[in-house]
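Q: any chance you can model this:
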Amino acid sequence: MVPTPLALLHAANIALFVEGDLDAINTYFAPDYLVHLAAGRSLRGHDGIRAAITLTRRAFSNLAVEVELLVEAQDRVAWQRSLKGTQTGAYHGFPASGREIQWREQVVSRMVDGKIVEEWLVSELAERLLLSRKG
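A: As a prediction, the model looks like this:
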């Protein structure tokens, strides 16, 4: 039985961000997965997911995540996740601040046969990291 998109997204986010279960990548993502990021960048495949999750989990301890479904149509789902964690490590040039950082990400996911095959992601994490330096 194929899980509902919301159930799949929730389970994937908990397994990866909260539990750090990198083996779960095979369960939730197609091998040829592609995510489109800001500034024309992209990330491909399971190795790309593994690297992104590892970087995030190293930089932010005690991560928590909430997933909210926004719109579902055909094979695509628009959703938002809110993440929160203490920045105990460096992240893309931002040194550890020791502060709790909370940020949102807007995502559109395309799914085929119960797996995520492609996503478009916009994150406010860089803005939150900049703001944490000022306060």
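
Q: can I get the helix or strand residue 47 falls within as CSV, trimmed to CA atoms?
A: Per DSSP states H and E, residue 47 falls inside helix 45-59. As requested, C-alpha coordinates have been extracted for helix 45-59 and formatted as CSV (Å, rounded to 0.1, in the frame of the first residue of the first chain):
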residue,chain,number,x,y,z
GLY,A,45,20.7,11.2,-6.1
HIS,A,46,20.9,9.5,-2.7
ASP,A,47,24.5,10.7,-2.2
GLY,A,48,23.3,14.3,-2.4
ILE,A,49,20.6,13.7,0.1
ARG,A,50,23.0,12.0,2.4
ALA,A,51,25.5,14.9,2.3
ALA,A,52,22.8,17.5,2.9
ILE,A,53,21.3,15.7,5.9
THR,A,54,24.7,15.0,7.4
LEU,A,55,25.7,18.6,7.1
THR,A,56,22.5,19.8,8.7
ARG,A,57,22.6,17.3,11.5
ARG,A,58,26.2,18.1,12.3
ALA,A,59,25.5,21.9,12.4
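
Q: neighbours of residue 65, how many?
A: Applying other CB atoms under 10 Å, we find 17 residues neighbouring residue 65. For every residue, glycine as well, the C-beta is placed using N, CA and C.

Q: any idea where the helices of this structure begin and end?
A: Per DSSP state H, the chain carries helices over the ranges 5-13, 25-28, 45-59, 125-134.

Q: ok, now how distant is residue 130 from residue 29?
A: Counting by CB to CB, to the nearest Å, the separation of residue 130 from residue 29 is 30 Å.

Q: so which of these two has more stuff around it?
A: Using other CB under 10 Å, the more surrounded residue of residue 130 and residue 29 is residue 29, with 20 against 10.
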